[in-house]
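J.: Provided below for reference: sequence and predicted model.
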Amino acid sequence: MRRKLWSNHDRWKAYRGRSFDEKDLLFSAKRSSIFQFKTSLDVFMAANKREKVCDFKVKGTFFENSCTIYKGDSFTIIAQMGRKYTVKNALLGRDTFEITVDQNVDHAFIAALIIILYEIESSR
């Protein structure tokens, strides 16, 4: 994954393997708007070159320990991340997260989106 320099929307691009060649582009993600109180990302698969409608949307915030990933611009949830509360974690002061991913959804893709969300929020 690579952050695009000089981007108003914090655009990130993910490529196949270690390549940064446009022919190996898998997807790109960007903030839905420049000014946001809660982060919202639009995700476009490589085949969606016109970017009129996003293929996936990420809503939430890593630092509030929750986010939801939707299919397109719909209410169909494909993955959710939230904090996992246990007595052991509370006593040890650990943050543990639980991610629920629908079947037939690529787990690495979901992990990449959560990492991008974290990176965008960390850079603010």
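T.: That came through fine. Numbering: from 1, shown residues only.
J.: helix/strand/coil for the residue most central in space within the chain?
T.: Nearest to the geometric centre of the chain sits Leu113, at 2.5 Å (Cα atoms, centre = their mean). Under the three-state scheme (DSSP: H, G, I helix; E, B strand; the rest coil), Leu113 adopts helix.
J.: that one touches Leu41, doesn't it?
T.: Yes: at 7.2 Å, Leu113 counts as touching Leu41 under the criterion of Cβ atoms under 8 Å. Placement of C-beta: from N, CA and C, glycine included.
J.: residues shared between the contacts of the two?
T.: Shared contacts of Leu113 and Leu41 (Cβ atoms under 8 Å, 6 or more residues apart in numbering): Ala29, Val58.
J.: does Ala14 really touch Val43, like I thought?
T.: No: Ala14 is beyond contact range of Val43, at 9.5 Å (criterion: Cβ under 8 Å).
J.: more neighbours: the two, which one.
T.: Using other Cβ atoms under 10 Å as the criterion, Ala14 and Val43 rank with Val43 on top: 23 against 20.
J.: re the thing from before, anything in contact with each of Ala14 and Val43?
T.: Taking Cβ under 8 Å, 6+ apart as the criterion, Ala14 and Val43 both touch Phe27, Ser28, Ala29.
J.: can you show me the strands along the chain?
T.: Secondary structure of the chain (DSSP state E): strands at 2-3, 12-15, 25-31, 40-45, 56-61, 66-71, 77-83, 97-101.
J.: okay if I get those as TSV plus mean pLDDT and distance to Glu121?
T.: Compiled in TSV, these are given as follows (pLDDT from 0 to 100; distance: least, Cβ to Cβ, whole Å):
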stretch	mean pLDDT	distance to Glu121
strand 2-3	58	13
strand 12-15	92	12
strand 25-31	93	10
strand 40-45	94	10
strand 56-61	90	6
strand 66-71	94	10
strand 77-83	91	13
strand 97-101	89	14
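J.: could I get those in TSV, plus columns for distance to Phe109?
T.: As requested, the strands of the chain are exported to TSV (distance: least, Cβ to Cβ, whole Å):
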stretch	distance to Phe109
strand 2-3	16
strand 12-15	8
strand 25-31	8
strand 40-45	9
strand 56-61	9
strand 66-71	9
strand 77-83	9
strand 97-101	9
